[in-house]
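Peer 1: Fold the following for me, if possible:
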Amino acid sequence: MRKSRVETAETRRRIVEVAAEGFRANGIHATGLADVMTAAGLSLGGFYRHFDSKDHLVAEACEAALTGMIGELEAAAEGCSGAEGFNAMVDAYMSTTHRDSPANGCPLAGMGSELARADESTRAAAAQGIDEFVDMLAKRIGDPEDNGDRSRAVFALSALIGALTLSRILPDQAASASLLEDVRQQIEAI
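Peer 2: Below you'll find the model as predicted:
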């Protein structure tokens, strides 16, 4: 029996969601298509009904993960204005909860070095997400059209990603939390 278009779209969405989690938690290269399809409750043979290649899936998973991360941070700032909203976003991003949940965290921190070496469509999806992330932060800093505010947002995003990545490397949980706190304070002083 053939699946309806709605069922096919839902299956594709589930594959992208599972892949995004796997790529962020384990890396792109360490997450095989068989792993993704098994986690999605599907057979490997069905993969090519939805995607042309793993690169195609990586690009969509990256886009979906970035959209989700931006949505979560906007939700954290809901009801806040200006700097208060910016600080709420920074606090949510720099939390130990985010540090300890790479599968559901920022794809730029979880896959950044691999994204830099990915195919053109994946890098384009990541670049678009970076631009949207910067715009979101710049809006909370001040005027996204102001080059100074945009520059501060680029700096903040770079510091957020770097600090989260470094905090995940440190084996000492107290040192890791301290690093997040130190960088959080510097970013919020922008």
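
Peer 1: Could you check the pLDDT of the closest residue in space to residue 96 that isn't next to it in sequence?
Peer 2: Spatial nearest neighbour of residue 96, chain neighbours left out: residue 177 (5.5 Å); criterion: CB to CB, 6 or more residues apart in numbering. Using the backbone N, CA and C atoms, a C-beta is placed for each residue, glycine as well. In this prediction, residue 177 carries a pLDDT score of 98.

Peer 1: again, but for residue 149
Peer 2: Looking at residue 149, the pLDDT reads 89.

Peer 1: and what of the one 5 residues further on?
Peer 2: Looking at residue 154, its pLDDT is 97.

Peer 1: Surely it touches residue 134?
Peer 2: Yes: here residue 154 reaches residue 134: they are 5.6 Å apart, a contact under CB atoms under 8 Å.

Peer 1: Those two: which is more packed in?
Peer 2: The neighbour comparison of residue 154 against residue 134 (other CB atoms under 10 Å) goes to residue 134, with 21 against 16.

Peer 1: Residue 170 versus that one, what's the distance?
Peer 2: To residue 170, residue 134 is 27 Å away according to CB to CB, to the nearest Å.

Peer 1: Same check on residue 13?
Peer 2: 35 Å.

Peer 1: With residue 152 instead?
Peer 2: For residue 152, the distance to residue 170 - CB to CB - is 27 Å.

Peer 1: Neighbour count: those two, which is higher?
Peer 2: residue 152 (19 against 15).

Peer 1: which non-adjacent residue is nearest that one?
Peer 2: The nearest residue in space to residue 152 (CB to CB, 6+ apart) is residue 190, at 4.9 Å.

Peer 1: was I right about the one you found contacting residue 154?
Peer 2: No: look at residue 190 against residue 154 with CB under 8 Å: they stay out of range, at 11.0 Å.

Peer 1: number of nearby residues for the residue nearest to residue 152?
Peer 2: 17.

Peer 1: residues near residue 103, how many?
Peer 2: Neighbours of residue 103 (other CB under 10 Å): 14.

Peer 1: How about the secondary structure of it?
Peer 2: Taking DSSP: H, G, I helix; E, B strand; the rest coil as the rule, one finds residue 103 in the helix state.

Peer 1: Phi and psi next, for the spatially closest residue to it that is not a sequence neighbour.
Peer 2: Spatial nearest neighbour of residue 103, chain neighbours left out: residue 25 (3.7 Å); criterion: CB to CB, 6+ apart. Main-chain dihedrals, residue 25, degrees, to the nearest 10: phi -80, psi -40.
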